[in-house]
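Engineer: below is the sequence, then the predicted model.
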Amino acid sequence: MTDLQLRTVALTHEENTEVDDLLRTLADVPVDSTVALLHRTRLAAQELPLRIRTELTGMRLYDSPRALVVTGFGIDDDRIGPTPVTRPAPAPERTRNQELLLLLHAALLGEAFGWATQQNGRLVHDVLPIPGEETEQMGSSSKAELLWHTEDAFHPLRCDYVGLLCLRNHQRAVTTLGWPDLSRLTPEDRATLLEPRYLIRPDTSHTPEQNAADAQSAERFAAIAEMDDTPEHVAVLFGDPEDPYLRIDPAYMSPAPGDAAARRAYDTITTLIEDALQYVALEAGSLLLVDNYQAVHGRKPFVAAYDGRDRWLKRVNITRDLRRSRSARQSATSLLV
Ligand SMILES: NC(=[NH2+])NCCC[C@H](N)C(=O)O
Ligand SMILES: O=C(O)CCC(=O)C(=O)O
Ligand SMILES: [Fe+2]
């Protein structure tokens with residue numbers, strides 16, 4: 001039942017050439033203007049290969065598939081340079097084309113946005129192993145499994161889709177993808193999961209320690225700290241009760257204390273997700289787009305070498321509707337929540 005919900009498209013040589021040509025037309029886009037950048041990528045996205053546009057339109061209009069892998073984008077391994085061991089990456093111009101590629105695809109699903117409290121407010125994130133963070137619950141971990149999660153599950157303005165473009169993965173670290181077969185839930189458990197009986201806290205990527213000091217964001221970090229001190233009660237399932245969306249992150253979520261029925265339903269849905277977990281080892285030039293309302297994702301452990309050849313992904317958050325976050329953004333053209 002699950003397979004149709006994870007689709008893979010392998011680009012042909014001709015399609016890949018089309019993409020390279022398109023990227024060349026964007027070489028003059030100003031690097032310092034996010035608005036100009038997004039305006040141009042939005043227009044250019046209409047010139048991505050037809051098969052890609054068809055798949056992404058389906059994902060957006062029909063909620064299917066839940067995850068899409070596009071393989072075969074060309075990555076110039078010399079050009080991108082060594083995998084950094086710090087963030088942000090020191091030579092951003094070297095991976096400009098990869099960031100543009102992510103933004104082009106984001107434009108077909110919605111709008112790219114970033115967090116003032118994550119990865120120094122950058123629009124496109126670097127996911128790479130960082131010394132000292134091997135066992136954290138962060139994208140920068142390696143030795144420990146990054147447990148499956150809804151991206152930014154704690155936040156009401158979390159993304160509709162998350163995009164991950166693989167630049168390098170010689171370790172063949174495995175990305176996990178999953179969703180529960182809800183037909184296996186009892187009506188009682190389903191009803192429980194549809195109620196706000198679960199506490200959710202922010203993950204540690206949204207802390208001042210993970211970001212360069214920036215006075216402008218002080219109130220943003222304070223808002224996150226507040227969400228940690230006074231966690232919100234949320235439902236795991238929401239939307240259409242017959243065909244609900246999903247919001248779950250066991251590392252940062254727990255049933256309300258003493259709520260035995262909430263605990264039972266939670267353990268059941270967690271097991272359903274685990275039983276059907278799928279494994280994808282992204283290769284250089286593979287793009288993964290995940291519907292963050294319909295699928296969880298994570299990453300299996302791997303061994304980082306910190307030798308400039310480590311696994312490296314670029315990540316983007318995508319919303320279907322920027323207006324939902326307007327009051328949380330400084331201006332209509334700001335893309336930071
Ligand atoms: N179970 C979790 N939610 N872990 C945090 C996920 C990784 C986080 N999004 C990051 O950027 O590092
Ligand atoms: O490394 C991966 O494959 C997934 C990373 C991830 O989920 C994250 O950084 O939030
Ligand atoms: Fe994630």
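Structural biologist: In hand now; what should we look at? What you see is a predicted model, and the numbers here were worked out from it, not measured in a lab. Ligands and ions are numbered 1, 2, ... in the order given.

Engineer: quick one, what contacts the residue nearest in space to the middle of the chain?
Structural biologist: Taking Cα atoms, centre = their mean, the centroid of the chain lies closest to residue 162, which sits 3.1 Å from it. Contacts here follow Cβ atoms under 8 Å, 6 or more residues apart in numbering; on that basis residue 162 touches 151, 289, 290, 292, 297, 315, 316, 317, 318. In this view, the C-beta of every residue, glycine as well, is placed from N, C-alpha and C.

Engineer: wait, is it part of a strand?
Structural biologist: Yes - the assignment for residue 162 (DSSP: H, G, I helix; E, B strand; the rest coil) places it in a strand.

Engineer: specify the beta-bridge partners of it.
Structural biologist: With DSSP bridges as the criterion, residue 162 is bridged to residue 290, residue 317.

Engineer: quick one: residue 333 and residue 220, what's the gap?
Structural biologist: Distance of residue 333 to residue 220, given as Cβ to Cβ, to the nearest Å: 18 Å.

Engineer: so which of the two has more stuff around it?
Structural biologist: The neighbour count for residue 333 versus residue 220, taken as other Cβ atoms under 10 Å, is higher for residue 220 (21 against 11).

Engineer: grab the nearest non-local neighbour of the more buried one.
Structural biologist: residue 116 (4.2 Å; Cβ to Cβ, 6 or more residues apart in numbering).

Engineer: part of a strand, is that neighbour?
Structural biologist: No - applying three-state DSSP, one finds residue 116 to be coil, outside a strand.

Engineer: now do it against residue 286, distance only.
Structural biologist: When distance is defined by Cβ to Cβ, residue 116 is 29 Å away from residue 286.

Engineer: isn't residue 287 right next to residue 72, touching?
Structural biologist: No - using Cβ atoms under 8 Å, residue 287 is not in contact with residue 72, being 9.4 Å away.

Engineer: more crowded one of these two?
Structural biologist: Neighbour comparison, residue 287 and residue 72: the larger count goes to residue 287, with 24 against 16 (by other Cβ under 10 Å).

Engineer: ok, residue 51 - how many residues close by?
Structural biologist: For residue 51, using other Cβ under 10 Å, the count is 14.

Engineer: helices or strands up against the helix or strand that it is a member of?
Structural biologist: Counting by DSSP states H and E, the element that carries residue 51 is helix 50-62. Under the contact criterion of 3 or more Cβ pairs under 8 Å, 6 or more residues apart in numbering; DSSP states H and E, helix 50-62 touches strand 6-10, strand 67-71, helix 96-109, strand 287-291.

Engineer: just so I know, which of these lies nearest ligand 2?
Structural biologist: Comparison of the helices and strands packed on helix 50-62 against ligand 2 by Cβ to the nearest ligand atom identifies strand 287-291 as nearest, at 7.7 Å.

Engineer: next SSE downstream of the closest one?
Structural biologist: The helix or strand immediately downstream of strand 287-291 is strand 296-299, counting by DSSP H and E.

Engineer: anything in that next one near ligand 1?
Structural biologist: No - against ligand 1, strand 296-299 shows no contacts by Cβ under 6 Å from any ligand atom, the least distance being 7.1 Å.

Engineer: and that strand, what's its mean pLDDT?
Structural biologist: Confidence for strand 296-299, expressed as mean pLDDT, is 99.

Engineer: which residues in this protein form helices?
Structural biologist: 13-25, 34-44, 50-62, 77-80, 96-109, 187-193, 218-229, 260-275 (DSSP state H).

Engineer: show me which residues of the protein are close to ligand 2?
Structural biologist: 127, 139, 146, 151, 164, 175, 297, 298, 299, 313.

Engineer: what is the burial count for the third one?
Structural biologist: Going back to what we said before, that points to residue 146. Other residues lying near residue 146 total 22 when counted by other Cβ under 10 Å.

Engineer: just the second one next, same as before
Structural biologist: The burial metric for residue 139, expressed as a neighbour count using other Cβ under 10 Å, is 22.

Engineer: for it, which non-adjacent residue is spatially closest?
Structural biologist: According to Cβ to Cβ, 6+ apart, the nearest residue to residue 139 is residue 127 (4.1 Å).

Engineer: what sits against residue 84?
Structural biologist: By Cβ under 8 Å, 6+ apart, residue 84 lies in contact with 90, 126, 128, 312.

Engineer: where does pLDDT dip in the stretch 1-150 of the chain?
Structural biologist: 1-3 (pLDDT under 70).

Engineer: which residue does it have closest to ligand 2?
Structural biologist: For the stretch 1-150 of the chain, Cβ to the nearest ligand atom, closest residue to ligand 2: residue 139, 2.6 Å.

Engineer: filter the residues of the chain next to ligand 2 down to the buried ones.
Structural biologist: With burial judged by 16 or more other Cβ atoms under 10 Å, the buried subset of the residues of the chain next to ligand 2 is 127, 139, 146, 151, 164, 175, 297, 298, 299, 313.

Engineer: would you list the residues you listed in TSV and tack on distance to residue 65?
Structural biologist: Formatted as TSV, these follow (distance: Cβ to Cβ, whole Å):
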residue	distance to residue 65
127	22
139	23
146	22
151	17
164	15
175	15
297	14
298	18
299	20
313	20
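
Engineer: interface residues of the stretch 101-250 of the chain facing ligand 1?
Structural biologist: Contacts of the stretch 101-250 of the chain with ligand 1, taken as Cβ under 6 Å from any ligand atom, map to 137, 138, 139, 147, 149, 151, 203, 205, 249.
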